[in-house]
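K.L.:
coordinates only, sequence not included:
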């Protein structure tokens, strides 16, 4: 039995090639992965105080957050103040040129901030900054 030329043409039209679409999707995926900006978050949302003399800090490799109840967060994990030195030492091994940025809540006590600064200095980091919101 012979097929008519019309039935052969319809069979060819029914098969749509997905290869070009998959190529485009793969190229877009590669583009988004390469251009993604990976931001390190300390793991806690804090209300930073306003400051008139705030400067933008580049290359802040080690972010430490201090909450309103003086709880300390590093890399999304809550840590004790005695564990800050070990965590900073570990993060400093990954990036020896890194500095510490402390994101302290407005209601955090000075005692907690000073303890975190002392532990960071004991770990060998002397470039320590306090994060604030710029006041306009």
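P.N.:
Everything's here; your move. Since the model is a prediction, treat every value here as computed from it, not as a measurement.
K.L.:
Okay, buried residues for stretch 80-97 please.
P.N.:
Buried positions in stretch 80-97, judged by neighbour count with 16 or more other Cβ atoms under 10 Å: 81, 84, 85, 87, 88, 91, 92. Backbone N, C-alpha and C define where each C-beta goes, glycine included.
K.L.:
Make a markdown table from those residues and add distance to residue 125 and secondary structure to it.
P.N.:
Formatted as a markdown table, the buried residues of stretch 80-97 follow (distance: Cβ to Cβ, whole Å; DSSP: H, G, I helix; E, B strand; the rest coil):
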| residue | distance to residue 125 | secondary structure |
| --- | --- | --- |
| 81 | 16 | helix |
| 84 | 11 | helix |
| 85 | 10 | helix |
| 87 | 11 | helix |
| 88 | 6 | helix |
| 91 | 9 | helix |
| 92 | 6 | helix |
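K.L.:
Tell me where the model's unsure across this structure.
P.N.:
Along the chain, the parts satisfying pLDDT under 70 run over 1-13, 37-60, 133-136.
K.L.:
what helix or strand does residue 129 sit in?
P.N.:
Secondary-structure assignment from DSSP states H and E places residue 129 in strand 128-130.
K.L.:
hmm, I was thinking of residue 98
P.N.:
Secondary structure assigned from DSSP H and E places residue 98 in neither a helix nor a strand.
K.L.:
Now it: closest residue in space, sequence neighbours ignored.
P.N.:
Leaving aside its chain neighbours, residue 98 sits nearest to residue 61 (2.8 Å; criterion: Cβ to Cβ, 6 or more residues apart in numbering).
K.L.:
residues near that neighbour, how many?
P.N.:
17 (other Cβ atoms under 10 Å).
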